[in-house]
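>>> my questions are about this predicted structure, shown below with the sequence.
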2 protein chains.
Amino acid sequence: MSEFVVTFEPHNKHVIVPRGTDLLTACLRAGIFLSASCGGEGLCGKCKVVVRKGAVKSERSRLVSEEERKKGVVLACESIVESDLEVFIPQESIETHPHLTAESEECAPDMLPEEDLPFKHAPMVEKIYLELDRPTHEDSISDLGRIYKALEDRFKTMSVSTHLANVKHLGDVLRESDFKVTATVGYKDGAFEILALEPGDTTRLNYGFAFDIGTTTVTGELIDLHSKKVLATRIAYNRQAGYGSDIITRIIYGSTPEGLEKLSEAIVSNIDEMVEDMAEACEINLATVGAVLCAGNVTMMHLLLKIDPTHIRKEPYVATVTAFPTTPISEVGIELNPKGLFFSVPGVATYVGGDIVAGVLSSGLYKEEDLALLIDIGTNGEIVLGNKEWMIGAAASAGPAFEGSGLAFGMKAVKGAIQKVSIDEKLGVACETIGSDKPRGICGSGYIDLLFQMAKRKIIARNGKIDRGLASKRIRKNEYGYEFVVAFKDESAVGKDIVITEDDIENLKRAKGAIYSAIISLLDKVGKKAEDLKRIYIAGGFGSYINVESAVSIGLLPDIDRKLYAYIGNSSLAGARLSLLSREAFLKTHEIHKGITYLDLSSEPRYMDEYIASLFFPHTDMGRFPSVRL
Amino acid sequence: MSEFVVTFEPHNKHVIVPRGTDLLTACLRAGIFLSASCGGEGLCGKCKVVVRKGAVKSERSRLVSEEERKKGVVLACESIVESDLEVFIPQESIETHPHLTAESEECAPDMLPEEDLPFKHAPMVEKIYLELDRPTHEDSISDLGRIYKALEDRFKTMSVSTHLANVKHLGDVLRESDFKVTATVGYKDGAFEILALEPGDTTRLNYGFAFDIGTTTVTGELIDLHSKKVLATRIAYNRQAGYGSDIITRIIYGSTPEGLEKLSEAIVSNIDEMVEDMAEACEINLATVGAVLCAGNVTMMHLLLKIDPTHIRKEPYVATVTAFPTTPISEVGIELNPKGLFFSVPGVATYVGGDIVAGVLSSGLYKEEDLALLIDIGTNGEIVLGNKEWMIGAAASAGPAFEGSGLAFGMKAVKGAIQKVSIDEKLGVACETIGSDKPRGICGSGYIDLLFQMAKRKIIARNGKIDRGLASKRIRKNEYGYEFVVAFKDESAVGKDIVITEDDIENLKRAKGAIYSAIISLLDKVGKKAEDLKRIYIAGGFGSYINVESAVSIGLLPDIDRKLYAYIGNSSLAGARLSLLSREAFLKTHEIHKGITYLDLSSEPRYMDEYIASLFFPHTDMGRFPSVRL
């Protein structure tokens, strides 16, 4: 089979691909993530590239104009490599903007573990140093029996087991170490499994990774399981976005074995890179990592673990698995100590996954005396309402806007992201960025502030339209419509003006409407009102900050006493971290996932009405927001 | 690397081996099992072969005479292949005699399971048919959750788990079968693990193999786990004998990785062949076999599972493992359904293994009200004394004589073996063979009868020497000493006279002495006498028969009321079968193995005196055998 060299400019990256490969796949192999929100179906027209040299076989598309065609523009997803190629990738085709990469970036942990864990410190994979008695004629129990006995005394259980591979040279290991060994013990399916036995005391070298696997972003932490310290944190866009930005597109793509393989590879490559990056930064030997624990939405976990996701999108939308089996890391394909274990926080239902269960754990909602609410604003807005007696959960299709995806200058909450905005009466804009760097884009909390400030200064009307009549150089018309300049080129780090467009505002309005209406519908379902809430936990990838006043004022959150709100950051990652550090916490997630009743909003008649009514800032019914003056 | 063709005659077998291979290894590769009781160390001189064509590099050995050397005789273990060869193998070099093969032979089950199992019928790997409700919007539990729930209801436990691999296409499996599936569930480490899920009701197709892995013989059964029926039984000599007939030689041989690999391969090839043979005979698809359960001595289990046996022969003789981890069949290397599980009955100590624990289970000794004894006469004589309150166990180095090994015409209890003998006053011999065939050799029960009859007719003196003065054509001198003809050439199936030699008698005398003295030492240790016994179970590979009168009369068993004796056949295999058919029984073996105290006879001062005193027929102290008149 012939193979061709494809060179991508301006990246100057080369890949060798077999004849017949499409250009979208070739880009992904080169590590270039094109926009392809339709999942490579030739429908969205976002993956335009310019073929400068060489031949491709390309479908004609109405999304490529005659003029573009003459310049060599093709849709990457519809073009087949037929020779060596030189391809130019316009910036606007890169997912989603040049400052948004799928590479991992350092970010500050949202919520550091408290000095004292709220659960007993007993990690999912524990290292236990054993000083055993040497056998004698009188005490001639077998080597493995001796180890089991010591561990069973320790764990107060008879359920200790191990793999055959670990005992093959155990006789030597024990004698060469004078019967002083460290057992690496994993907690699996209610029992303890010896994963490794090594000479001497190595208990200090025990590390694990916690991950929050989201549709749009992936966040990871390296944790010292011995000292309970978070050593590093990384965030990246989920590389699966190259195969479709929304979850349904990915499910369709993953419904063939080849597609599923590619989606799994994409997310595994995210994880591998973050793992390597954090381990390198902290000078950790990957052989000392015994555990990876993920909290992720149910579809992401299917795609990661290569479980056929087909049935998720078919009536009645049932997942194959919501509580994923504990598995050797090697079977997941992550490049780590293959003896280590891969754990997942169990989910409730197809659209209320392990991420939200982890959030219920870390927020403590499951033990609240009074009525409380958890809102996790990610690609979906997931919501759990309840207290220590009962919980009900639902998901709103909010889209990834608050994660910075799908917006002109949206970005993750990493260095350079605008996270706070205020606008003065003269429409002067003051921004605060994460790390106090020059701005590269705007993250979720920045957009929330921005919308509120724009509404307050009447730059936008209650329907979100920019006031064309206002005299300001910040307000201008672009190719597609109106936009507002948040930071001018000379103030920005990206060499151009940072703007918010009317499309962005529309997008954000729909996202906030979906979340608000879900909250109200859920309260309504159990006969409660927003005023009955005694605690509201807000979670999401907002970095270290969200302005509750802004969020209420734009109608994202109910208009109740601001003091009842608590921003808890990435509660999914925090729950994963707790579960990794404590078996007690992990077991609690198994109680929680069984204790939450799932409400399918799409079958709730009131939900759509609520949603439509919420597509204003803050709402069509201003009576719902008595304290807000816009 | 150059390779050579070695042809073996009279077998007309060819193998290709690399330069540098020794002839003993070449023979084993050709499936020819030479005598090599020293384990290929050049010490026993039993592996003589004749090089007819081609060149070998051979060490000079005092065990090969000058005359032999001129004829091309070499020790196979000391000769390196240097060219293509033609090698002749004399019959006497074949392990142990031409009628003893390492190929599996059909044998009648020793003890058929009773109509009603003494334990609850719940096999270690069970197939469970589930008719699940189809999911709806109201009942939207995940596919795997639905299966777990059904199984947890069934097993009254929350401990059901599965492997990731089993869920990847579960969505399709359930829907294509209209949610009617069969779960294959294995019992592992105290919990239930789903091994496979398949459409429809396949509960009737569930098979397992039970094995007794002995140093000298391997016995196996194919069991229908659904109907509880034994479908086939096979017995073979352990092919490891090609690397040394005694256990210490094999431990030494297995102390290098290469040696261990070869020993494991040898026994795995035994098992594979028996499995294939039984499956073919019963027309069973091997994919429907979910479980293999072994009862074996501890060293054999080390060698099978490739666990370094080095420390077994070093002070204080501690095994690496006595309770072996449950393991996927694939990891053991047996060619069977890789999803199936391999279980072992746990052992007590290095020389009181899972075979004897299985015997305690199947005999019911562990629940006796009164004092009882189990004697398992295999390559070691293993003995357990006790009742439902306490048990003590020991091993006597009896050697494999009663298994028919190491004797001129010894053989397993299979078709053609002389199992009963009587000698009239005129020294006429009447034999009964298994299957009433012409005799091929003599099995353990035959030798016991033979010794008693020879002693009774004064053919042998109480010290075992043949009376040279008796006028009978049956008594004659051979190259090495005297022998007694049991069956003349024309009566036999092997084309020559079947004899018992003085060497054989010496061998058998030492074996019976070792066992008797162990019984007495064990009784003595707990302050009991033979007269205190209320039940004695005799187990071993004697086929369907052993004459207790003969056994007592030669001094193998204590001289007490014959009615107290019960012959229970291969109690190890029977225990393996029970454990395979019942989790309750398997769990009971775990109680038993912890409940038996091990007595190391070699550190008992009285044992050696007892042994020396028992090297007469029946004993030096005739007062011990008041009912015996010899």
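Ah, there it is.
>>> domains in chain A, by residue range?
Taking automatic domain parsing as the domain assignment, the ranges for chain A are A:3-94, A:125-199, A:210-344, A:354-400+A:511-624, A:406-507.
>>> ends of the second one, how far apart?
This means domain A:125-199. 18 Å (CA to CA, to the nearest Å).
>>> now stretch A:363-381
Taking CA to CA, the first and last residues of stretch A:363-381 lie 16 Å apart.
>>> thinking again about what came up before, export the domains of chain A to CSV and tack on mean pLDDT and distance to B:Asn547?
(Each C-beta comes from the backbone N, C-alpha and C, glycine too.) Listed next are the domains of chain A as CSV, based on pLDDT from 0 to 100; distance: least, CB to CB, whole Å:
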stretch, mean pLDDT, distance to B:Asn547
domain A:3-94, 84, 77
domain A:125-199, 94, 37
domain A:210-344, 94, 55
domain A:354-400+A:511-624, 95, 60
domain A:406-507, 93, 86
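>>> out of those domains, nearest to B:Phe8?
Closest approach to B:Phe8 among the domains of chain A is made by domain A:125-199 (33.9 Å; CB to CB).
>>> related to what we said a few turns ago, so which of the domains of chain A is nearest B:Ser161?
Here domain A:125-199 is closest among the domains of chain A (CB to CB), at 4.1 Å.
>>> returning to that earlier point: format the domains of chain A as CSV; extra columns: mean neighbour count and distance to chain B.
Shown next, in CSV, are these (neighbours: other CB atoms under 10 Å in any protein chain shown; distance: least, CB to the nearest CB, whole Å):
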stretch, mean neighbour count, distance to chain B
domain A:3-94, 18, 20
domain A:125-199, 19, 4
domain A:210-344, 22, 4
domain A:354-400+A:511-624, 22, 6
domain A:406-507, 19, 29
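>>> closest to B:Leu225 out of those domains?
B:Leu225 sits nearest to domain A:125-199 of all those, at 23.0 Å, using CB to CB.
>>> from the centroid of chain A, which residue is nearest?
Residue closest to the mean C-alpha point of chain A, counted by CA atoms, centre = their mean, is A:Gly214 at 2.6 Å.
>>> looks like that one contacts A:Ala295 (just checking).
No. Judged on CB atoms under 8 Å, A:Gly214 makes no contact with A:Ala295 at a distance of 9.5 Å.
>>> would TSV of the domains of chain A with distance to B:His311 be doable?
As requested, the domains of chain A are exported to TSV (distance: least, CB to CB, whole Å):
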stretch	distance to B:His311
domain A:3-94	52
domain A:125-199	4
domain A:210-344	23
domain A:354-400+A:511-624	34
domain A:406-507	55
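>>> quick one, phi/psi of the closest residue to the residue nearest to the centre of chain A other than its chain neighbours?
Leaving aside its sequence neighbours, A:Gly214 sits nearest to A:Gly378 (CB to CB, 6 or more residues apart in numbering or on different chains; 5.1 Å). Main-chain torsions, A:Gly378, degrees, to the nearest 10: phi -120, psi -140.
>>> quick one: contacts for A:Gly446?
A:Ala417, A:Ile418, A:Gln419, A:Lys420, A:Val421, A:Cys431 (CB atoms under 8 Å, 6 or more residues apart in numbering or on different chains).
>>> could you identify the most distant pair in those residues?
Using CB to CB, the two most remote members of these are A:Ala417 and A:Val421, lying 11.3 Å apart.
>>> what touches both of the two?
The overlap between the contact sets of A:Ala417 and A:Val421 (CB under 8 Å, 6+ apart) consists of A:Ile442, A:Gly446.
>>> quick check, A:Leu557 in contact with A:Asn547.
No. Contact between A:Leu557 and A:Asn547 fails when scored by CB under 8 Å: they sit 10.7 Å apart.
>>> that older thread, can you tell me how far the residue nearest to the centre of chain A sits from A:Ile592?
When distance is defined by CB to CB, to the nearest Å, A:Gly214 is 19 Å away from A:Ile592.
>>> again, but for A:Met300
In terms of CB to CB, A:Met300 sits 19 Å off from A:Ile592.
>>> do the same with A:Phe542
23 Å.
>>> now A:Gly630, what's its secondary structure?
Wrong residue type there; residue A:630 is Leu, not Gly. Reduced to three states with DSSP: H, G, I helix; E, B strand; the rest coil, the structure at A:Leu630 is coil.
>>> returning to what we had before: so what sits against both of A:Gly214 and A:Ala295?
Contact with both A:Gly214 and A:Ala295 is made by residues A:Asp355, A:Ser572, according to CB under 8 Å, 6+ apart.
>>> got CSV for the contacts of A:Gly446, with secondary structure too?
Below are the contacts of A:Gly446 laid out as CSV (three-state DSSP):
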residue, secondary structure
A:Ala417, strand
A:Ile418, strand
A:Gln419, strand
A:Lys420, strand
A:Val421, strand
A:Cys431, strand
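>>> in CSV: the residues you listed, plus distance to B:Leu573.
Shown next, in CSV, are the contacts of A:Gly446 (distance: CB to CB, whole Å):
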residue, distance to B:Leu573
A:Ala417, 71
A:Ile418, 76
A:Gln419, 73
A:Lys420, 77
A:Val421, 80
A:Cys431, 81
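>>> which SS class is the closest residue to A:Lys534 other than its chain neighbours?
What sits nearest to A:Lys534 in space, not counting adjacent residues and going by CB to CB, 6+ apart, is A:Asp370, at 3.7 Å. Recorded secondary structure, A:Asp370: coil (three-state DSSP).
>>> so A:Asp370 touches A:Lys388, yeah?
No. With contact defined as CB under 8 Å, A:Asp370 and A:Lys388 do not form a contacting pair (9.5 Å).
>>> what are the boundaries of the strands in the stretch 201-350 of chain A?
A:207-213, A:217-224, A:229-237, A:289-296, A:327-328, A:341-344 (DSSP state E, counting those that start in this stretch).
>>> same check, this time on the stretch 351-500 of chain A
Under DSSP E, counting those that start in this stretch, the stretch 351-500 of chain A gives strands at A:372-377, A:381-386, A:391-396, A:417-423, A:429-433, A:441-442, A:475-477, A:482-487, A:498-501.
>>> may I see these arranged in CSV, with distance to A:Thr25 as well?
Converted to CSV, the strands of the stretch 351-500 of chain A look like this (distance: least, CB to CB, whole Å):
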stretch, distance to A:Thr25
strand A:372-377, 33
strand A:381-386, 32
strand A:391-396, 31
strand A:417-423, 31
strand A:429-433, 36
strand A:441-442, 28
strand A:475-477, 38
strand A:482-487, 34
strand A:498-501, 31
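>>> and of the domains of chain A, who's closest to B:Thr25?
domain A:125-199 (23.0 Å).
>>> distance from that closest one to the middle of the chain?
38 Å (CA atoms, centre = their mean, to the nearest Å).
>>> and the residue of the stretch 351-500 of chain A found nearest chain B, how many neighbours?
Scanning the stretch 351-500 of chain A for the residue nearest chain B gives A:Tyr351, at 10.1 Å (criterion: CB to the nearest CB). Residues near A:Tyr351, counting by other CB atoms under 10 Å in any protein chain shown, number 25.
>>> show me what contacts the nearest residue in space to it that is not next to it in sequence?
Distances taken as CB to CB, 6+ apart place A:Ala395 nearest to A:Tyr351, at 3.8 Å, with adjacent residues excluded. By CB under 8 Å, 6+ apart, the contact list for A:Ala395 reads A:Tyr351, A:Val352, A:Asn380, A:Gly381, A:Glu382, A:Ile383, A:Ala518, A:Leu601.
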